[in-house]
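Q: Pasting a predicted model and its sequence here:
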Number of protein chains: 2
Amino acid sequence: MTRTIITIGRQYGSGGKEIGLKVAEKLGIQCYDSRLIQMAAEKSNMDVEKLAHVDEKRANPFLFSVTYENLASGSEYFLPMNDVLFNIQSDIIHKLASEESCIFIGRCADTVLKNDPNVCSVFIRADWEARIRRITKLHTVGEKEAASICKKMDKQRALYYSYFTDKKWGDANNYDIVLNSTSLGIDKCVNTIVSLFS
Amino acid sequence: MTRTIITIGRQYGSGGKEIGLKVAEKLGIQCYDSRLIQMAAEKSNMDVEKLAHVDEKRANPFLFSVTYENLASGSEYFLPMNDVLFNIQSDIIHKLASEESCIFIGRCADTVLKNDPNVCSVFIRADWEARIRRITKLHTVGEKEAASICKKMDKQRALYYSYFTDKKWGDANNYDIVLNSTSLGIDKCVNTIVSLFS
């Protein structure tokens, strides 16, 4: 039976994670988001907090000595912790996608699984004002701080995506479907994605 | 009753027009594509062939003397024929959208109707190879010529869109939904758009 694999890229504050969780619930499949960090920690015997610190970030090229870490005891190769996490998460994503229908939020999963014909790649975007409103509620912060967080996260995700995929984050050419969660609404985004598999 | 207004931007050879026609048929509404040229000719008493020649093209900035034409007899203002057609088509698009549910293919309709809350803006893209295959059949030409046509049309539409909207053609940020007709297929694109209104 064909597996249903959905990758969801998302602007910060667009509701991409909420959409992913709701689609997963409707389709009766798992949605993997930040728990991929925990799975990576278990697989590698590395500290989960250290991994969480570099999750969905590219290595800072000016902090080699701080961020470089030995991947495996006794190995001759050294990699930035960010690359270590990306490689472990990619292995986990490949394994999960080969075993079950599931959804992956972020982690460049669209590119990690680019050769899997079962993958449907989604990108969720939203209008700036709506993202700020969402972030003010999520973090209980004012609009100014929300805007600052939003810009920082956008930059971080764009750099992470382009570093590991050589493609532009959020560019429509990289996805099967791009949805604006502000104009369409969360529920319509959920139903649209679900309907692709019915 | 709320009107259903759908604007469809599309890469050349992506099947955007076919998708628009099929959505219109399913929703029981009109789809306006190149017949907007005929309507513009009737409204302005201008030659339909002259208008068709500049349809979805911006004026060539190096051919002012050739392309500039008097908009109305006795007027002091001169505009490129391209701008004349854009203005007339925009008036027609506004009028139709205020009277009936309908679909507009191209003609920067998403921006022309940007203040209409009933508008759903769609962009259809497709993989390069699939577009070439479609164009070879459509024009009965070889792959090399199809690629040449495709590049020319992409450039033409991108320049036209950016000239009249100050936005980037095909940029996901300008649309409510962007669909890849190659990976999703024409029918799934049609059903996805239709489902937004059910």
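A: Okay, I see it. Numbers count the residues shown, from 1 in each chain, chains lettered A, B, ... in the order given.
Q: can you pull the contacts of residue A:44?
A: A:51, A:84, A:88 (CB atoms under 8 Å, 6 or more residues apart in numbering or on different chains). C-beta coordinates here come from the backbone N, C-alpha and C atoms, glycine included.
Q: Need those in a markdown table (columns: pLDDT, secondary structure and neighbour count).
A: Listed next are the contacts of residue A:44 as a markdown table, based on pLDDT from 0 to 100; DSSP: H, G, I helix; E, B strand; the rest coil; neighbours: other CB atoms under 10 Å in any protein chain shown:
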| residue | pLDDT | secondary structure | neighbour count |
| --- | --- | --- | --- |
| A:51 | 83 | helix | 21 |
| A:84 | 82 | helix | 24 |
| A:88 | 89 | helix | 21 |
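Q: so where does the nearest residue to residue A:22 once chain neighbours are set aside fall, helix or strand?
A: Nearest residue to residue A:22 in three dimensions, chain neighbours excluded: residue A:190, at 4.5 Å (CB to CB, 6 or more residues apart in numbering or on different chains). Assigned by DSSP states H and E, residue A:190 belongs to helix A:186-195.
Q: contact partners of that helix?
A: A:6, A:15, A:18-19, A:22-23, A:26-27, A:120, A:122, A:124, A:177, A:179, A:181, A:184, B:177, B:191-192, B:195-196.
Q: Selection in PyMOL covering whichever of those residues are buried, please.
A: Under the burial definition 16 or more other CB atoms under 10 Å in any protein chain shown, those of the contacts of helix A:186-195 that qualify are selected in PyMOL by:
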select buried, (chain A and resi 6+15+18+19+22+23+27+120+122+124+177+179+181+184) or (chain B and resi 177+191+192+196)
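Q: Which ones among the contacts of helix A:186-195 map onto helices?
A: A:18-19, A:22-23, A:26-27, A:181, A:184, B:191-192, B:195 (DSSP state H).
Q: Does chain B have contacts with stretch A:173-180?
A: Yes: Stretch A:173-180 reaches chain B (CB under 8 Å from any CB of the partner chain) through A:173, A:175-180.
Q: Derive a ChimeraX selection command for the buried subset of these.
A: Selection of buried members from the residues of stretch A:173-180 next to chain B for ChimeraX, criterion 16+ other CB under 10 Å:
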select /A:175,176,177,178,179,180
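Q: Need phi/psi at residue A:9.
A: phi -90, psi 150 (degrees, to the nearest 10).
Q: quick revisit: any idea how far the residue nearest to residue A:22 is from chain B?
A: Plainly put, residue A:190 is 12 Å away from chain B if you go by CB to the nearest CB, to the nearest Å.
Q: for chain B, what are the nearby residues on chain A?
A: Counting by CB under 8 Å from any CB, chain A sits next to chain B at A:120, A:123, A:125, A:170-173, A:175-180, A:183-184, A:188, A:191-192, A:195-196.
Q: could you dump the ones in helices among the contacts of helix A:186-195 to a markdown table with distance to residue A:96 and pLDDT?
A: Below are the ones in helices among the contacts of helix A:186-195 laid out as a markdown table (distance: CB to CB, whole Å; pLDDT from 0 to 100):
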| residue | distance to residue A:96 | pLDDT |
| --- | --- | --- |
| A:18 | 21 | 97 |
| A:19 | 19 | 98 |
| A:22 | 19 | 98 |
| A:23 | 16 | 98 |
| A:26 | 19 | 97 |
| A:27 | 15 | 97 |
| A:181 | 25 | 98 |
| A:184 | 28 | 97 |
| B:191 | 28 | 96 |
| B:192 | 26 | 96 |
| B:195 | 28 | 94 |
